[in-house]
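A.B. asks: the following block contains a protein sequence and its predicted model.
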Amino acid sequence: MKGNPLINETLLQMKYARIVSSLARQIGVTRERALGLFYTSDTYTYLSEGKYHLHNMSDTYLVDEIIMELQRKQ
């Protein structure tokens, strides 16, 4: 998201933390494991690149997207 003045990096990092915590709770893994799953997901890639305006989506929506992505990869 570098260079986009409309996206606050601090707020985005806080969103990442909420997503990781929620993901860990929903799939029953440690936060460390959830962090790894998050950072290797396509959803994270799209978020960090500013694609599809995913930063505007709710945390719940993004967690659901990551879970669906994990299910597709199995």
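C.D. replies: Yep, it's here. Predicted, not measured: the structure shown is a model, and the values here were computed from it.
A.B. asks: now do the contacts for the residue most central in space within the chain.
C.D. replies: The residue lying closest to the centre of the chain (Cα atoms, centre = their mean) is Tyr44, at 4.8 Å. The neighbours of Tyr44, taking Cβ atoms under 8 Å, 6 or more residues apart in numbering as the test, are 16, 38, 66. Backbone N, C-alpha and C define where each C-beta goes, glycine included.
A.B. asks: so which elements touch whichever strand or helix holds the first one?
C.D. replies: Same thing as Tyr16. Counting by DSSP states H and E, the element that carries Tyr16 is helix 9-27. Secondary structure elements in contact with helix 9-27, counted by 3 or more Cβ pairs under 8 Å, 6 or more residues apart in numbering; DSSP states H and E, are helix 31-39, helix 42-49, helix 59-73.
A.B. asks: possible to save the ones you listed as a markdown table with distance to Leu23?
C.D. replies: Shown next, in a markdown table, are these (distance: least, Cβ to Cβ, whole Å):
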| stretch | distance to Leu23 |
| --- | --- |
| helix 31-39 | 4 |
| helix 42-49 | 10 |
| helix 59-73 | 5 |
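A.B. asks: got these as TSV, with mean pLDDT columns?
C.D. replies: Output for the helices and strands packed on helix 9-27, formatted as TSV (pLDDT from 0 to 100):
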stretch	mean pLDDT
helix 31-39	97
helix 42-49	92
helix 59-73	96
